[in-house]
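Asker: Sequence and predicted structure, then a few things I'm wondering about:
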Amino acid sequence: MKKLYEQFCVENKIPIFLKPWWMDASAGPDNWDVIVIKDNKSILGVMPYFKENKFGFKFIKMPPLTQFNGPYLNFKEVKKSEKYSFEIKVLKEILRKIPKSTKFSQCWHYSSKNWLPFYWQGYQQTTKYSYYLNYEKSIEKIWDNLKSNIKSDIKKAKNRFNLTIQKEPNISDFIELNKLVFLRQDKKLPYKEELIRNIYSACLKNNSGKLFMAKDPEGRIHAGALIIWDEESAYYLLGGSDPELRNSGATSFCLWEAIKFFKDKTKKFDFEGSMIQPVEKFVRAFGAKQIEFYKVEKQSKFYGFFHSLKSLY
């Protein structure tokens, strides 16, 4: 099925997080599979999924550093009047082919709104939010919509600290900056360094990733942002900054340079959320619009009991 899916992805504008090469880099080639629904003429719908066995339990969940999975339906030959019936038909077929698992948990791309067939089968849904800028507006209009604090940060980074974007950024330098995000919270990096390297390498190979690293005239790196993109959107995947230099406005500067860079390369810039209140406030200050997406879940009764029992100790 993967070969069939790879060809389908070549012929269709699949979100980057669903593409086979992304799943290979994030989940590992042996840790994901795909459901393909087809008729005699064409593929009607697909759903890649990450599988994991842990402590005797089988999970279908989100691969690390992946914002979306879930179904992608092919509406090319579908009349508008038949959209909902087509969705229900294909989603029912996908449901029939999902492997049995202790817990199923996926975040769906915001283009996937119809989860009714999953509801009918006992799944639950949580609404989550992301923020994005639409590139239909000019860069001048986007700049005008930035809040004053973001504009001040960008000007300060350029004029007072003389920051510039590195022409040949180093992924190792970026990983060190990303670590500092969690170190400030007395936390360890929640994913392996090698995962970031694998994803960045795969993105470069597929012309889908770029690092923006802000440095000063002394060569000190203040902040960085890893941006990935597909035909429809750029995504702010990861960031990091030096806490000793965080007053330079470097993070806002990196993001603004990224926003300008992708203006003519895709249709929108997705900040990837966030549900975390201070982060949400920061990305909203870029004049970004809110958009909802769904987290769809189901777990066995036994696992629910086991999980609740475990939380008591």
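Answerer: Great, that's in hand. Numbers count the residues shown, from 1 in each chain.
Asker: alpha carbons only for contacts and neighbour counts from here, please
Answerer: Noted.
Asker: average pLDDT for stretch 48-58?
Answerer: Mean pLDDT, stretch 48-58: 93.
Asker: Pull out the buried residues from that stretch.
Answerer: Going by neighbour count (16 or more other C-alpha atoms under 10 Å), the buried part of stretch 48-58 is 48, 49, 50, 51, 58.
Asker: and what of stretch 290-309?
Answerer: For stretch 290-309, the neighbour count (16+ other C-alpha under 10 Å) marks 293, 294, 295, 296, 297, 298, 299 as buried.
Asker: is it true that residue 174 touches residue 242?
Answerer: No: using C-alpha atoms under 8 Å, residue 174 makes no contact with residue 242, being 10.4 Å away.
Asker: what's the burial count for the closest residue to residue 114 other than its chain neighbours?
Answerer: For residue 114, ignoring the flanking residues on the chain, the nearest one in space by C-alpha to C-alpha, 6 or more residues apart in numbering is residue 87 at 7.3 Å. Taking other C-alpha atoms under 10 Å as the criterion, the count of residues near residue 87 is 24.
Asker: Distance check, residue 87 against residue 113.
Answerer: 10 Å (C-alpha to C-alpha, to the nearest Å).
Asker: again, but for residue 154
Answerer: For residue 154, the distance to residue 113 - C-alpha to C-alpha - is 36 Å.
Asker: Of the two, give the one with the bigger neighbour count.
Answerer: residue 154 (23 against 12).
Asker: any chance you could read off phi and psi for the more buried one?
Answerer: Note on residue 154: backbone dihedrals following degrees, to the nearest 10 are phi -60, psi -40.
Asker: Ok, residue 218 next?
Answerer: Here is the backbone geometry of residue 218 (degrees, to the nearest 10): phi -80, psi 0.
Asker: ok, now the one 10 residues further on?
Answerer: According to degrees, to the nearest 10, the main-chain angles of residue 228 amount to phi -120, psi 160.
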